[in-house]
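J.: here's a sequence, model it:
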Amino acid sequence: MFRLIPTIRRGEELADTPVKPSIKVAPELVGKKQLDAKNNPYWEIGGNFRRVSVEPFESQTLVSIRQFVHDETDPTKFYPTKKGISLTVEQWKVLKGCMTEIDEAVEEIGQKGGQE
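T.: Numbering: from 1, shown residues only. Next comes the predicted model:
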């Protein structure tokens with residue numbers, strides 16, 4: 001579903017526009033192991049409800065990094081979005097094996113300011 005957002009020009013105000021309360025992940029929960037409603041472990045990684053989770057799916061185990069949204073009527077319920085990736089255990093092991101080199105690349109590019 002798409003929602004049109006009106007453009008506000010400098011000096012203009014938009015009257016009677018409902019403002020959604022900003023719900024954010026509590027900082028003390030970032031990086032802490034938690035359990036979802038199905039008792040699967042997950043970790044909040046900050047931002048807009050981005051999580052790493054480990055869960056069974058069709059006779060295999062997946063490691064998912066995904067963005068979640070909260071239910072409009074019940075802010076305690078969260079649902080996964082299409083934004084993310086799910087890795088098989090084999091793919092997860094390959095990614096873990098690359099972490100040192102990925103960290104080095106992040107450091108190197110970070111020192112350059114992300115610019116060539």
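
J.: who does the helix of greatest length in the chain touch, helix- and strand-wise?
T.: Across the chain, the longest stretch assigned as helix under DSSP state H is helix 99-112. Using 3 or more Cβ pairs under 8 Å, 6 or more residues apart in numbering; DSSP states H and E, no helix or strand is in contact with helix 99-112. C-beta here means a position set from N, CA and C on the backbone, and glycine is covered the same way.

J.: which residues sit against that helix?
T.: Applying Cβ atoms under 8 Å, 6 or more residues apart in numbering, helix 99-112 has no contact partners.

J.: ok, the spatially most central residue of the chain - contacts?
T.: For the chain, the residue nearest the mean C-alpha position is residue 50 (1.7 Å; Cα atoms, centre = their mean). By Cβ under 8 Å, 6+ apart, the contact set of residue 50 is 44, 65, 66, 67, 68, 84.

J.: distance check, residue 62 against residue 104.
T.: 27 Å (Cβ to Cβ, to the nearest Å).

J.: higher neighbour count, the two?
T.: residue 62 (17 against 10; other Cβ atoms under 10 Å).

J.: grab the nearest non-local neighbour of the more buried one.
T.: residue 86 (4.5 Å; Cβ to Cβ, 6 or more residues apart in numbering).

J.: where in this structure is pLDDT low?
T.: Residue ranges of the chain with pLDDT under 70: 1-23, 114-116.

J.: touching the helix or strand hosting residue 83 from outside, list them.
T.: According to DSSP states H and E, residue 83 maps onto strand 78-88. Residues from elsewhere that reach strand 78-88, judged by Cβ under 8 Å, 6+ apart: 49-50, 57, 60-71, 95.

J.: give the bridge partners for the residue lying closest to residue 53 once chain neighbours are set aside, please.
T.: With sequence-adjacent residues excluded and distances taken as Cβ to Cβ, 6+ apart, residue 53 is closest to residue 42, at 3.8 Å. With DSSP bridges as the criterion, residue 42 is bridged to residue 34, residue 53.
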